[in-house]
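Novice: here you go, sequence then predicted model.
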Amino acid sequence: MYASDPATVTGGASLGPRERAGAFRIDDPFVRTVGNTPLVPLSRLASGGGFELYAKAEFLNPTGSVKDRTALGIVRHALERGDLGRERTLLDASSGNTAVAYAMLGARIGFPVEIVLPRNAHPERVARILGYGARIIYTDPLEGTDGAQREARRLAESEPGRYHYVDQYNNPANPGTHYATTGPEIWRQSGGRVTHFVAGVGTGGTISGTSRYLKERSPTLRTVGVEPAGPLHGLEGLKHLATALRPSTYDERLVDETVRVETEDAEAMRRRLATEEGLAVGASAAAAVVAALRVGAATPGAVVVTVLPDGGHSATGGGRT
């Protein structure tokens, strides 16, 4: 059986995969609350459009974002391989949400966390990361997450015995987690009726893993990626792929169409989601809804599902998340 105290395992070399993961409380009741979020109708926004619109409420995960799924899948994989433990520090680059999830899991499960973060990351996310006891290494805000990735890679190469660089942008456990959880949940919750899946492109894990599962069940399903309209934008967490490092976790073969959204349109949608649907979400979530409405309006009879990756602390005020 699993050890009840994570301190009972200090190395894990002599343990099997399940024992290594179990000894670090990877399956405790709180960690198991990640995922199984509801699929909620956006009936007012879609009213009169001749299509159905639903959204996966990922802001109901423990730290408030879809990145809890990603982080848990990556951590579980690392623990089962014996790459992570009390002697090695989890290291990764992030724009904020994944960092919060790592920090929570590190505190809950029992391993140190260091995050490389652009200096312009939202102060609320910074406070949460530090509050969980993780360490932050700041990088040039003008270089965004690309610069954070380069610095994380440099640190990992300079101190390989200290760090385990999990690299969410190139870790197959990222899309693998969504293939195993998000995709099946959407298929089940929609009764297999979903015709279009719309999701923002950041690491590419959510859209790639989920789409792969859904397309295996329904080959005619269309996947729509959502990106910012340009390289300078306020849609934190999304990538303008034409000018950014392309993550290997993004499988463009699964994406049938890309919709680019202006920051101002996303901010206006944040306010509409709050006042018309009672949902306080972040700018990237609002951008996904903007794109989903365009898709539905162009496809009578469609059943469109999108993802609300995080919540917004000031959705009615138009501030960035």
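Specialist: Nice, I can see it.
Novice: could I get the contacting residues of Thr249?
Specialist: Contact analysis of Thr249 by C-beta atoms under 8 Å, 6 or more residues apart in numbering lists Gln168, Tyr169, Asn170, Asn171, Pro172, Asn174, Pro175, Thr203, Gly204, Gly205, Ser208. Yep, even glycine has a C-beta here, placed from its N, CA and C like the rest.
Novice: wait, the fourth one touches Arg76, no?
Specialist: No - if you go by C-beta atoms under 8 Å, Asn171 and Arg76 don't touch, sitting 11.6 Å apart.
Novice: quick one: pLDDT of Val281?
Specialist: For Val281, the model assigns a pLDDT of 96.
Novice: phi first, then psi, for it.
Specialist: Phi and psi for Val281, reported as degrees, to the nearest 10, are phi -130, psi 170.
Novice: mind checking the SS state of Arg193?
Specialist: Three-state assignment for Arg193 (DSSP: H, G, I helix; E, B strand; the rest coil): coil.
Novice: strands of the stretch 151-300 of the chain, residue ranges please.
Specialist: 163-165, 196-200, 222-228, 257-261 (DSSP state E, counting those that start in this stretch).
Novice: what's the closest non-adjacent residue to Phe197?
Specialist: Leaving aside its sequence neighbours, Phe197 sits nearest to Thr223 (C-beta to C-beta, 6 or more residues apart in numbering; 5.0 Å).
Novice: give the contact list for the residue positioned nearest the centre of the chain.
Specialist: Centroid-nearest residue in the chain, with C-alpha atoms, centre = their mean: Lys67, separated by 3.3 Å. Applying C-beta under 8 Å, 6+ apart to Lys67 gives the contacts Asn61, Asn97, Thr98, Val100, Ala101, Pro309, Asp310.
Novice: hmm, 10 Å instead?
Specialist: By C-beta atoms under 10 Å, 6 or more residues apart in numbering, Lys67 lies in contact with 58, 61, 74, 94-102, 168, 174, 202-203, 205-206, 237, 309-310.
Novice: show me the residues you listed that map onto helices.
Specialist: Ile74, Asn97, Thr98, Ala99, Val100, Ala101, Tyr102, Asn174, Gly205, Thr206 (DSSP state H).
Novice: what's the burial count for Glu252?
Specialist: Using other C-beta atoms under 10 Å, Glu252 has 13 other residues around it.
Novice: ok, how many other residues are close to the residue lying closest to Asn171 once chain neighbours are set aside?
Specialist: Sequence neighbours aside, Ile74 is the residue nearest to Asn171 in space, at 5.5 Å (criterion: C-beta to C-beta, 6+ apart). Neighbour count for Ile74, taken as other C-beta under 10 Å: 28.
Novice: if I look at Ile74, how far off is Ala287?
Specialist: 25 Å (C-beta to C-beta, to the nearest Å).
Novice: now swap in Glu52 and tell me
Specialist: Glu52 sits 20 Å away from Ala287, going by C-beta to C-beta.
Novice: more neighbours: which of those two?
Specialist: Using other C-beta under 10 Å as the criterion, Glu52 and Ala287 rank with Ala287 on top: 34 against 19.
Novice: who's in contact with that one?
Specialist: Applying C-beta under 10 Å, 6+ apart, the residues near Ala287 are 198, 200, 226-229, 233-235, 237-238, 259-263, 265-267, 269-270, 281, 306, 309.
Novice: let's see that with 8 Å instead.
Specialist: Counted by C-beta under 8 Å, 6+ apart, Ala287 has contacts Gly200, Val226, Pro228, Leu235, Leu238, Val261, Asp265, Ala266, Met269.
Novice: please apply the same query to Tyr102.
Specialist: Counting by C-beta under 8 Å, 6+ apart, Tyr102 makes contact with Ala71, Val75, Leu90, Asp92, Ser94, Val113, Ile115, Ala134.
Novice: just give the closest residue to the second one, not the sequence neighbours.
Specialist: When the adjacent residues along the chain are set aside, Val75 lies closest to Leu105, with 5.3 Å between them (C-beta to C-beta, 6+ apart).
Novice: count of residues packed around the one you found?
Specialist: For Leu105, using other C-beta under 10 Å, the count is 28.
Novice: what helix or strand does it sit in?
Specialist: Using DSSP states H and E, Leu105 maps to helix 97-105.
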